[in-house]
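**Q** Structure, please.
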Amino acid sequence: MGVDIPVTIDMRPEVLPKPVRAGSAGTLRARIVGVGTAVPPLSYSQQEVLDLFGITDPKARGVFLNSSIERRHLVLPPTGADGRPVGEPQGDLLDKHRTHAVASGIRALEGCLKRAGASLSDLKHLCCVTSTGFLTPGLSALIIRELGIDRHCSRSDIVGMGCNAGLNALNLVSGWSVANPGDLAVVLCSEACSAAYAMDTTMRTAVVNSLFGDGAAAVALVADDNAPGTGPEAPDGPGSPCGVGPRILRFASCIIPEAVDAMRYDWDRDLNRFSFYLDPQIPYVVGAHAETVVDRLLAGTGLLRGDIGHWLVHSGGKKVIDAVVVNLGLSRHDVRHTTGVLRDYGNVSSGSFLFSYERLLNEQVTTQGDYGVLMTMGPGSTLETALVQW
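**A** Numbers count the residues shown, from 1 in each chain. Model prediction:
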């Protein structure tokens with residue numbers, strides 16, 4: 001049963017960020033120089049997941065089959081004598097998260113560095129993001145040890161912020177890059193969402209289990225004085241899908257305190273384990289605030305929404321995407337990568353927007369001077385945005 005969440009927008013005057021003009025001469029900004037993604041080897045159609053878990057309730061089946069998701073990469077438990085997946089205690093799920101978040105994270109990191117024309121020895125800061133398991137030490141320490149990265153590489157871990165956390169990390173690490181010009185930093189989002197699944201017959205579980213997939217995505221940053229369109233190219237040269245990435249101009253955030261409980265991962269006493277909850281009203285709440293945060297992002301820049309050539313929105317689910325499209329007046333073409341990632345991978349949490357960014361690069365449609373908006377949303381409830389320029 002959903003909880004009615006008031007949709008209110010504060011129209012009181014506020015102090016807006018100082019204007020930031022794109023391409024300002026002599027302004028040191030972080031620039032995206034590489035991206036990489038990775039998923040577990042096995043993928044499942046929605047029908048295969050329904051059959052595997054023996055889900056027969058018509059409402060639950062409808063949630064799976066009307067999700068606009070065709071396939072997801074998942075690490076599912078082995079089957080028992082009855083042909084059904086065996087139950088996984090909380091300890092086993094934490095082990096699963098550790099194993100697969102590290103494995104997929106390493107492959108995404110290696111792909112990202114290759115695309116940036118860099119090596120592990122170039123890495124000076126590693127920030128790892130995850131919300132599908134708690135580890136101490138965190139993923140950053142485990143991956144540094146596993147790959148033999150220089151012990152002097154600084155690191156950070158962002159844990160538990162949910163699907164919006166990739167942009168939270170990008171914000172912080174872009175600041176690190178500006179403070180350490182010329183040094184390479186990587187934000188790595190690695191989510192083993194199947195390590196956060198509960199197995200029961202409730203609609204709460206059906207909504208979550210129909211949506212999330214496993215995957216990792218990494219993005220590399222460098223702050224330098226190169227003008228747009230110059231600087232180190234990817235190994236395969238100018239005009240390749242790699243090309244020179246965009247500069248990060250600014251960020252804007254919006255938290256919705258009245259919806260703080262609408263998305264949460266907490267202890268389920270009936271199941272004696274952690275369980276994720278999504279309020280049915282959350283897509284509409286997020287959509288109602290999308291315009292506010294984007295207007296704040298663009299305030300003082302002289303840019304209008306129509307000046308944004310590329311929109312990379314979190315693949316949060318069909319209703320979330322639809323709500324953002326309606327409230328921002330976007331076209332289906334604007335969110336083609338967002339919907340494509342949802343179709344092929346489901347919601348891979350914090351790294352979803354980077355899967356979309358990778359698809360945009362592979363299209364080779366960006367040109368010097370183009371503007372883009374990155375948008376994520378998640379628990380808090382929170383919307384995060386970034387303005388970039390190629």
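**Q** mind listing what's buried in stretch 204-220?
**A** 204-220 (16 or more other CB atoms under 10 Å). (Glycine included, C-beta is placed from N, CA and C.)
**Q** Run the chain-centre distance for that stretch.
**A** Offset of stretch 204-220 from its chain centre (CA atoms, centre = their mean, to the nearest Å): 9 Å.
**Q** Could you pick out which of the buried residues of stretch 204-220 are located in helices?
**A** 204-209 (DSSP state H).
**Q** between these, which is nearest Phe353?
**A** Among these, Val208 lies closest to Phe353 (CB to CB), at 20.0 Å.
**Q** okay, now the domains of this protein?
**A** Using automatic domain parsing, the domain parsing of the chain gives 38-224, 244-389.
**Q** right, so of those, which gets closest to Leu28?
**A** Closest among the domains of the chain, using CB to CB: domain 38-224, at 5.5 Å.
**Q** With distance to Arg29 as extra columns, can I get the domains of the chain in TSV?
**A** Listed next are the domains of the chain as TSV, based on distance: least, CB to CB, whole Å:
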stretch	distance to Arg29
domain 38-224	6
domain 244-389	4
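**Q** for these, which one sits closest to Ile32?
**A** Nearest of the domains of the chain (CB to CB): domain 244-389, 3.6 Å.
**Q** now the end-to-end length of that closest one.
**A** 11 Å (CA to CA, to the nearest Å).
**Q** Off-centre distance for it?
**A** For domain 244-389 - counting by CA atoms, centre = their mean - the centre lies 8 Å from the chain centre.
**Q** What of stretch 121-141?
**A** 15 Å.
**Q** go on, stretch 205-221?
**A** 8 Å.
**Q** Check stretch 110-122 too.
**A** Worked out by CA atoms, centre = their mean, stretch 110-122 lies 20 Å from the chain centre.
**Q** How about stretch 41-61?
**A** For stretch 41-61, the distance to the chain centre is 24 Å (CA atoms, centre = their mean).
**Q** Present the domains of the chain as TSV; the columns should include mean pLDDT.
**A** TSV is the format used below for these (pLDDT from 0 to 100):
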stretch	mean pLDDT
domain 38-224	93
domain 244-389	94
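**Q** Could you point out which of these sits nearest Thr27?
**A** domain 244-389 (8.8 Å).
**Q** Nearest to Cys189 among the ones in helices among the buried residues of stretch 204-220?
**A** Val208 (18.7 Å).
**Q** Now do the contacts for the closest one.
**A** Shown in contact with Val208 (CB atoms under 8 Å, 6 or more residues apart in numbering): 197-198, 275-278.
**Q** and those residues, which are buried?
**A** 197-198, 275-278.
**Q** between those residues, which is nearest Asn327?
**A** Closest to Asn327, out of all of the buried ones among the contacts of Val208 and judged by CB to CB, is Leu278, at 19.1 Å.
**Q** mind checking how far the closest one is from Val286?
**A** 11 Å (CB to CB, to the nearest Å).
**Q** tell me which element Cys254 falls in.
**A** In this assignment (DSSP states H and E), Cys254 forms part of strand 247-255.
**Q** which element follows that strand toward the C-terminus?
**A** strand 263-268.
**Q** So which elements touch that next one?
**A** Counting contacts by 3 or more CB pairs under 8 Å, 6 or more residues apart in numbering; DSSP states H and E, strand 263-268 packs against strand 273-278.
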